[in-house]
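> Quick one: sequence plus predicted model below, questions after.
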Amino acid sequence: MDRQQISRLAHAHHPIAAPLADESVARLLERATAGREDGRALDLGCGEGAWLVRALAARPRWHAVGVDLDARALTRARETATALGVERRIGLHHLDAREFTAKEPFDLVLCVGSTHAFGGLLPTLAAARELLAPGGRLLVGEAFWQREPSRAALDGLGSTPDEFGDLATTTGLVLADGWTPVSGHVSTEREWDDYEFAWTGSLAEWALDHPDHPDAAAAREAADRHRTEWLHGYRGTLGFVTYLLRRD
């Protein structure tokens, strides 16, 4: 199975592809769009468009653009937008987020859990800076080390100790790059566990429901491997922070 297909199946019951509960997402979006009755939002690496369609449903005069490489995820985003009645206010682009350009800047730029598309947090901030209107806001989500990672945690993530910093170090990088956090959210252990159980459970259940599918064994193997890497590796070690930022 290709990674995009695994991701689509794994997020079937958790369309926010990051360890955040619905309540946390709603609170961040409310804060991110506060003070503007109308505006334009851009999600770089939007996946199934879960952040954008929720923002548009809550703000009937906002418009949005989503960019992603997964064509099937974008199809689901269109279906969800249609179901919520916001399809006329969203544009979706099958494109590498690094290649996206726009004639007009955006009042809100999002990149939550997709900073790898740009090669890390600082390149993501640089890309967002070029697309953000003066006084606009950036909602960006990034991993950090809650504690020093063990070898099991690093092996489970396929990571290195210097790939992330702790929360203070990560926040310091944001500040040094000329951004000010005006709000934020650190995912709780419950949010992490809910996310990981949804990820592994959705994938495993699909394999159970489709035993004759040629990808069933691969899906089950991916779910089992991910569950082991989480429970015996990075659980309690990898954190996730979502910043709401403004330029200085």
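It's in. Numbers count the residues shown, from 1 in each chain.
> what ranges do the strands span in the chain?
Secondary structure of the chain (DSSP state E): strands at 38-44, 61-68, 90-94, 106-112, 132-145, 179-186, 238-247.
> Out of all residues in this structure, which is the farthest from the middle?
Farthest-out residue of the chain from its mean C-alpha position, per C-alpha atoms, centre = their mean: residue 212, at 32.0 Å.
> Just want the phi and psi numbers for it.
Phi and psi for residue 212, reported as degrees, to the nearest 10, are phi -90, psi 0.
> In contact with it, which residues?
If a contact means C-beta atoms under 8 Å, 6 or more residues apart in numbering, then residue 212 has no contacts. (Each C-beta comes from the backbone N, C-alpha and C, glycine too.)
> what does residue 139 give?
28-29, 32, 51, 108-112, 242-245.
> picking that back up, hey, which of the strands of the chain is tucked in deepest?
strand 106-112 (a mean of 25; mean count of other C-beta atoms under 10 Å).
> Between strand 38-44 and that one, find me the angle.
If you take axes from the mean of the first three to the mean of the last three C-alpha atoms, to 10 degrees, strand 106-112 sits at 30 degrees to strand 38-44.
> Dump the strands of the chain to TSV, plus mean pLDDT and distance to residue 75.
Listed next are the strands of the chain as TSV, based on pLDDT from 0 to 100; distance: least, C-beta to C-beta, whole Å:
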stretch	mean pLDDT	distance to residue 75
strand 38-44	97	16
strand 61-68	98	11
strand 90-94	97	9
strand 106-112	98	20
strand 132-145	97	24
strand 179-186	98	29
strand 238-247	98	26
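> And the helices in this protein?
3-10, 22-32, 50-58, 71-84, 121-131, 151-157, 167-176, 189-209, 216-229 (DSSP state H).
> ok, now how distant is residue 162 from residue 220?
To residue 220, residue 162 is 34 Å away according to C-beta to C-beta, to the nearest Å.
> and the helices of the chain, which is most packed in?
Of the helices of the chain, helix 50-58 is the most buried (mean count of other C-beta under 10 Å), at a mean of 24.
> If we ignore the residues flanking it in sequence, what's nearest residue 230?
residue 196 (4.9 Å; C-beta to C-beta, 6 or more residues apart in numbering).
> returning to what we had before: so can I have TSV of the helices of the chain showing mean pLDDT and distance to residue 44?
Output for these, formatted as TSV (pLDDT from 0 to 100; distance: least, C-beta to C-beta, whole Å):
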stretch	mean pLDDT	distance to residue 44
helix 3-10	93	16
helix 22-32	98	14
helix 50-58	97	11
helix 71-84	96	13
helix 121-131	97	7
helix 151-157	95	22
helix 167-176	98	17
helix 189-209	98	21
helix 216-229	97	25
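> so which of those comes closest to residue 236?
Residue 236 sits nearest to helix 189-209 of all these, at 7.1 Å, using C-beta to C-beta.
> Dump the C-alpha coordinates for that closest one into PDB.
Provided in PDB are the C-alpha atoms of helix 189-209 (Å, rounded to 0.1, in the frame of the first residue of the first chain):
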ATOM      1  CA  GLU A 189      -1.800  12.600  26.600                       C
ATOM      2  CA  ARG A 190      -5.500  11.800  26.100                       C
ATOM      3  CA  GLU A 191      -5.500  13.500  22.700                       C
ATOM      4  CA  TRP A 192      -2.400  11.600  21.700                       C
ATOM      5  CA  ASP A 193      -3.900   8.200  22.800                       C
ATOM      6  CA  ASP A 194      -7.200   8.900  21.100                       C
ATOM      7  CA  TYR A 195      -5.400   9.800  17.900                       C
ATOM      8  CA  GLU A 196      -3.200   6.800  17.900                       C
ATOM      9  CA  PHE A 197      -6.000   4.400  18.800                       C
ATOM     10  CA  ALA A 198      -8.100   5.900  16.000                       C
ATOM     11  CA  TRP A 199      -5.100   5.700  13.500                       C
ATOM     12  CA  THR A 200      -4.300   2.000  14.200                       C
ATOM     13  CA  GLY A 201      -7.800   1.000  14.900                       C
ATOM     14  CA  SER A 202      -9.300   2.400  11.600                       C
ATOM     15  CA  LEU A 203      -6.600   0.800   9.600                       C
ATOM     16  CA  ALA A 204      -6.900  -2.600  11.300                       C
ATOM     17  CA  GLU A 205     -10.700  -2.600  11.100                       C
ATOM     18  CA  TRP A 206     -10.500  -1.900   7.400                       C
ATOM     19  CA  ALA A 207      -8.300  -5.000   7.000                       C
ATOM     20  CA  LEU A 208     -10.700  -7.100   9.100                       C
ATOM     21  CA  ASP A 209     -13.700  -5.900   7.000                       C
END
